[in-house]
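*Asks:* Compute the structure for the input listed below.
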Amino acid sequence: MRVHPAFFHKEAIIVKNRFLAMLLAMLTIVSLAACGQKSDAAIEEINSFISENLSADITSDEHYECVVSAGSEKNIYNVSLTLNLSSEGMSDEDLLDTTAFESSYLIDDAFANAPYAIDYTLNYLKDGKAFATVTRAHNSKEFVRDYNGTQDVFQFQL
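*Replies:* Okay, here's the model as predicted:
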C-alpha cells in the first residue's frame, strides 16, 4: 500500500503547530513569572521605603499596619496605612485637623521620593477605633477625607 506524500505533509504541519503552541505557552508562563517577580520586588521596595520614612513612634504602635499591593494600572501601587491617633482630650475637630496635617506631611514630605507612583489610603484610628480615612491618588494634589459618613476634599500645603 502506498501513502500519498500529502499525508506526511499534513502530519508534519500538525506536529509543527503543536510544537509552536507548546513553545508559546512556555514563553507565556515564563513571562508571567517574571512579571510577578518584578511586582513582588517593587512591593518589597515600597514596604522598605515606607518603614524607613516613618518614625518609630508610628511603626511601634500596636494598631499600625502597612499593606502594599499592585494597582490596577502598570507601575502604580496601592499603599494602605493604618495609623492610631491618641485623642488625649482632643476634640473631633482637632483630630480632623490632625488628619489633614498628618496626611499632607506623610505623603508630601516623608514619602515625597517614593520609588514608584503610589495611590495612598490612610486609615486613622482614634484610640484604636476607626475614625477617618484619607485617600490621595498618585496623580492628584487633592486629599479626600471620609469621616462619619461625610466626605470632604482638601489640599494642604506644608
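
*Asks:* remind me which residues of the protein are low pLDDT?
*Replies:* Counting by pLDDT under 70, the chain shows low-confidence ranges at 1-17, 19-38, 157-158.

*Asks:* Name the residues linked to the spatially most central residue of it by a beta bridge.
*Replies:* For the chain, Asn78 is the residue whose C-alpha lies nearest the centre (Cα atoms, centre = their mean; 2.0 Å). When bridges are called by DSSP bridges, Asn78 pairs up with Ser69, Asp119.

*Asks:* Distance-wise, check it relative to Gly128.
*Replies:* 24 Å (Cβ to Cβ, to the nearest Å). Backbone N, C-alpha and C define where each C-beta goes, glycine included.

*Asks:* Likewise for Ala137?
*Replies:* In terms of Cβ to Cβ, Ala137 sits 28 Å off from Gly128.

*Asks:* Please say which of the two ends up with more neighbours.
*Replies:* Neighbours were counted for Ala137 and for Gly128 using other Cβ atoms under 10 Å; Ala137 has more, 15 against 12.

*Asks:* Would you check that that one makes contact with Ala117?
*Replies:* No: judged on Cβ atoms under 8 Å, Ala137 makes no contact with Ala117 at a distance of 9.2 Å.

*Asks:* show me where this structure has helices.
*Replies:* Assigned by DSSP state H, the helices in the chain fall at 5-52, 56-59, 92-104.

*Asks:* List the buried residues in the last one.
*Replies:* So the one you mean is helix 92-104. 95-96, 98-100, 102-104 (16 or more other Cβ atoms under 10 Å).

*Asks:* same check, this time on stretch 49-65
*Replies:* 49-50, 54, 58, 61, 64.

*Asks:* what's that stretch in contact with?
*Replies:* Here stretch 49-65 makes contact (Cβ atoms under 8 Å, 6 or more residues apart in numbering) with 66, 68, 79-84, 106, 110-111, 114-115, 125, 128.

*Asks:* And stretch 142-153, by the same measure?
*Replies:* Counting by Cβ under 8 Å, 6+ apart, 96, 99-100, 103-104, 107, 131-136, 154-156 sit against stretch 142-153.
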